[in-house]
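Engineer: Below are the sequence and a predicted model for it; my questions follow.
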Amino acid sequence: MLKKKKREGAEINGSSMADIAFLLLIFFLVTTTINVDTGIGMVLPPPLDPEQEPPPIRERNLMKILVNSQGLVLMDEEPVPITEVRDKLIEFISNPENDEELAISPDAAIVSLKTQRETPYSIYIDMLDEVMGAYKDLRDAASRSNYGVPYDALADDSPQQDQIRDMYPKKISIAEPDS
Amino acid sequence: MANFKKKQAGSKQEVPTSAMPDVVFMLLFFFMVTTVLREVTLKVKLDLTQASNIEKIEQKRLVSYIYMGPERLPGNQIGEDKVQIDDAIVEDLGAIRNLMYDKLIEEPRLIVSLRVDQNSEFGLLTDVQKELQQAGTFRINYSTKREAD
């Protein structure tokens, strides 16, 4: 007699599932790049209306930085080595001794950066880095004295951060090079 | 007295592995979601400069890239400085205005990340920035590497 074989419940063998998943996992692990884009953030000004006069700026509130294509720096018509730019900027912005020549108050200070068309990008970024560094030092100092923590440790968009930012707003103007 | 039965030390201790596929799948999904598979093929040579006072851009979805650097020519040659947006080199700088304006309409909080070769000249950058001003994309970011202290 042919005895009918009793059918077992059909099952998919799931033991290799983990292996398949591991293989895929390793593939994505290798191909993933979790590098966050880092850089210097800036906000460009709106385009200038040719008929409109630029707003008047008092001479003492403006720090003109000129950089030529060799990386030599002029700050308010004085040659300055690049290593001293940051200290000079901090002095200009904070103006601890109320010098007549330096900025009236930190929030009125404007830093104007001008380069030549031939200036390599790396020199321009180095200069911008120094300016950003000067503002960072000032904000850190203010934050430490007011709240006891560096500026970066303050919560984003908290009133404390806003207050420090209003004390030292970054007013940086990127001038167009003369052609 | 009380008869303590010594726990059998010889009994096999096994870690339950039945949840392993679930764990692995969870990791897999995480990496699948975070992976950006297709990077743009660069047509310009790009060697980023370094800076120390930099910030991170957390929202990668808002970022649109503009590449600037010497063009790569066949046979390992290097040509003039060129601007690349998405996958194509933009020959006419005036076209950047419309390109970026379209992107701004799609994503109003657009951040333009300028990835510029460290040896390229500032003149080209300022031309591109003028176009960006016309397009209304004011938030920019100079992409740099972190300076090793």
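Structural biologist: All right, it came through fine. Numbering: from 1, shown residues only, chains lettered A, B, ... in the order given.

Engineer: List the contacts of residue A:48.
Structural biologist: Residues near residue A:48 by Cβ atoms under 8 Å, 6 or more residues apart in numbering or on different chains: residue A:54. Where C-beta positions appear, they are placed from N, C-alpha and C, glycine not excepted.

Engineer: helix, strand or coil for it?
Structural biologist: For residue A:48, the assignment made with DSSP: H, G, I helix; E, B strand; the rest coil gives coil.

Engineer: cool, and residue A:173?
Structural biologist: strand.

Engineer: nearest residue to it other than its sequence neighbours?
Structural biologist: residue A:112 (4.5 Å; Cβ to Cβ, 6 or more residues apart in numbering or on different chains).

Engineer: Only alpha carbons, please: show whatever helix or strand the one you found lives in as PDB.
Structural biologist: Assigned by DSSP states H and E, residue A:112 belongs to strand A:110-115. This file holds the C-alpha atoms of strand A:110-115, laid out as PDB (Å, rounded to 0.1, in the frame of the first residue of the first chain):
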ATOM      1  CA  ILE A 110      32.600  96.600  10.600                       C
ATOM      2  CA  VAL A 111      35.400  94.500   9.100                       C
ATOM      3  CA  SER A 112      35.900  95.000   5.400                       C
ATOM      4  CA  LEU A 113      38.000  92.400   3.600                       C
ATOM      5  CA  LYS A 114      39.400  93.100   0.200                       C
ATOM      6  CA  THR A 115      41.600  91.100  -2.000                       C
END
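
Engineer: Run me through the strand neighbours of it, direction for each.
Structural biologist: The strands beside strand A:110-115 in its sheet (DSSP bridges) come out as strand A:62-67 (parallel), strand A:172-174 (parallel).

Engineer: who's the residue nearest to residue A:173 bridged to?
Structural biologist: residue A:64, residue A:173.

Engineer: Tell me how far the residue nearest the centre of chain B lies from chain A.
Structural biologist: Centroid check for chain B by Cα atoms, centre = their mean gives residue B:60 as the closest residue, at 7.0 Å. Distance of residue B:60 to chain A, given as Cβ to the nearest Cβ, to the nearest Å: 7 Å.

Engineer: mind checking the backbone torsions on that residue?
Structural biologist: Main-chain dihedrals, residue B:60, degrees, to the nearest 10: phi -70, psi -20.

Engineer: How confident is the prediction for it, by pLDDT?
Structural biologist: We have a pLDDT of 74 for residue B:60.

Engineer: Spatially nearest residue to it, not counting backbone neighbours?
Structural biologist: residue A:37 (7.0 Å).

Engineer: From what I see, that neighbour and residue B:114 are in contact.
Structural biologist: No - using Cβ atoms under 8 Å as the test, residue A:37 is too far from residue B:114 to be in contact (11.0 Å).

Engineer: Can you pick out the residue with more neighbours from these two?
Structural biologist: Between residue A:37 and residue B:114, residue B:114 has the larger neighbour count (other Cβ atoms under 10 Å in any protein chain shown), namely 22 against 18.

Engineer: what about the more buried one, which SS state?
Structural biologist: Applying three-state DSSP: residue B:114 is strand.

Engineer: go on, residue B:71?
Structural biologist: Under three-state DSSP, residue B:71 comes out as strand.

Engineer: Leaving out sequence neighbours, find the closest residue to residue B:65.
Structural biologist: residue B:113 (5.1 Å).

Engineer: so that neighbour touches residue B:62, yeah?
Structural biologist: No - here residue B:113 does not reach residue B:62: they are 9.6 Å apart, not a contact under Cβ under 8 Å.

Engineer: So which of those two has more stuff around it?
Structural biologist: residue B:113 (21 against 15).

Engineer: so what's the more buried one up against?
Structural biologist: Counted by Cβ under 8 Å, 6+ apart, residue B:113 has contacts A:37, A:39, B:57, B:63, B:64, B:65, B:66, B:140, B:141, B:143.

Engineer: Among those, name the buried ones.
Structural biologist: When these are checked for burial by 16 or more other Cβ atoms under 10 Å in any protein chain shown, the buried set is A:37, A:39, B:57, B:63, B:64, B:65, B:66, B:140, B:141, B:143.

Engineer: quick one: contacts for the third one?
Structural biologist: If I follow you right, that is residue B:57. Residue B:57 neighbours (Cβ under 8 Å, 6+ apart): A:36, A:37, A:38, A:39, A:41, B:63, B:111, B:113, B:141.

Engineer: Quick check, the last one in contact with residue B:114.
Structural biologist: It refers to residue B:141. Yes - counting by Cβ under 8 Å, residue B:141 touches residue B:114, with 6.8 Å between them.

Engineer: Burial check on residue A:116, number of neighbours?
Structural biologist: 18.

Engineer: show me where chain A has strands.
Structural biologist: All strands of chain A, identified by DSSP state E, fall at A:38-43, A:62-67, A:73-75, A:78-80, A:110-115, A:172-174.

Engineer: Which parts of chain B are strands?
Structural biologist: Listed in chain order, the strands of chain B (DSSP E) span B:50-51, B:55-56, B:63-73, B:77-85, B:88-90, B:111-116, B:139-143, B:145-146.
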